[in-house]
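Novice: Next input, structure requested:
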Amino acid sequence: MFDQLVETFCTFDDFCKSIKTQWEAMQLTDGKGPDRRHGPEGGLIDSEIMTLLVLYHASRFKNFKTFYNGVVLGLLHSHFPGAPCYERFLTLTKRVWALLAFFMASRMGRKTDIYYIDSTPLVVCHNKRIARHKVFAGLAARGKTSTGWFFGFKLHLVFNHEREIVALKMTPGNVSDATPVPELTKDLVGKLFGDKGYIGQKLAQELLRRGLALMTRVRSNMKSLPVSFLDKALLNGRNIAETIIGHIKEFSSLRLPKHRSVFNAFTHITAAIIAYQINPLPPGQIKAFIPD
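Specialist: Sure, this is the predicted structure:
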């Protein structure tokens, strides 16, 4: 990611310039008069702040303070001469969350008629500290995965077979995997492959009525339905969704327990997803299914 620093900055800068008029129209004030901002300027423009946030999530650093003080203020000081101190930068990140969200929406993958869906937990604290947790109180909730109970959120993701993110949604941890599927896939047609958490006749029929066939593995007490060799091969490749999610969480810092601000946490979640959108895993070939 470091060798793509200039390219990444130019991408964000071009985006900010392209929506400048619409963005300024959404502001409460024009920055002039008695309601203007007080205090010194931040030293960094919005596209530079966005670049540094995304660069962090593509750098394998697990601590943003270490990354900022060591890399930004050290190795990259000549590229960002106006970079403020760490504490001031944290304040500046609040103003780019909406821009990051708009950019993320503009970089969604193309519709290919073959999709994979999965979810992953975003833990905000250890289970023993749930009663004392305050940062995400009222937002996070208890949930359960195959590995046990957790307290936090669920990030639901839909990918195409080219490993691009097509749709996403974040919910409290107690929301079932199947609940956000209709909204996530409202503009999709073709075939959707998921794990056993998405089994449901009502959901499958609802999706099929609008042209999206939901395919999952069946539980041990269920009867298997006949499927084509190609569909079975695609279903066997469903674990690519888990691979992508593992890649995003491994090569970024989606660790919510360290955050002390909801705004800060959501900003970093968005930046982590954008880091993958800019540099996704290369698409792989579908392995042919050979019957026994």
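
Novice: Name the helix or strand for the nearest residue to Ala101 once chain neighbours are set aside, please.
Specialist: Nearest-residue entry for Ala101: Thr270, 5.6 Å, with adjacent residues in sequence omitted and distances by CB to CB, 6 or more residues apart in numbering. (Each C-beta comes from the backbone N, C-alpha and C, glycine too.) Secondary-structure assignment from DSSP states H and E places Thr270 in helix 262-278.

Novice: State the helix or strand in which Leu214 lies.
Specialist: The secondary structure element spanning Leu214 is strand 212-216 (assigned by DSSP H and E).

Novice: Parallel or antiparallel, which strands does that strand pair with?
Specialist: Applying DSSP bridges to the sheet, strand 212-216 is found paired with strand 190-194 (parallel).

Novice: Pull the distance from the strand it pairs with to the chain's centre.
Specialist: In terms of CA atoms, centre = their mean, to the nearest Å, the gap separating the centre of strand 190-194 from the centre of its chain is 20 Å.

Novice: buried sites along the helix or strand that it is followed by?
Specialist: Read in the C-terminal direction, the helix or strand following strand 190-194 is helix 201-209, with elements assigned using DSSP H and E. By neighbour count, with 16 or more other CB atoms under 10 Å as the criterion, the buried positions of helix 201-209 are Leu203, Ala204, Leu207.

Novice: So which residues of the stretch 1-150 of the chain form helices?
Specialist: Secondary structure of the stretch 1-150 of the chain (DSSP state H, counting those that start in this stretch): helices located at 5-18, 20-26, 46-57, 64-67, 86-92, 97-106.

Novice: worst average pLDDT in the ones you listed?
Specialist: In terms of mean pLDDT, the lowest-scoring of those is helix 20-26 (a mean of 71).

Novice: sec struct for Leu281, please.
Specialist: Applying DSSP: H, G, I helix; E, B strand; the rest coil to Leu281 yields a three-state assignment of coil.

Novice: my read: it touches Gly246, true?
Specialist: No: with contacts defined as CB atoms under 8 Å, Leu281 does not count as touching Gly246, sitting 10.4 Å away.

Novice: what about stretch 189-197, how long is it end to end?
Specialist: The separation between the terminal residues of stretch 189-197, taken as CA to CA, to the nearest Å, is 20 Å.

Novice: ok, now stretch 150-169?
Specialist: Taking CA to CA as the measure, stretch 150-169 stretches 18 Å from start to finish.

Novice: No more questions from me, cheers.
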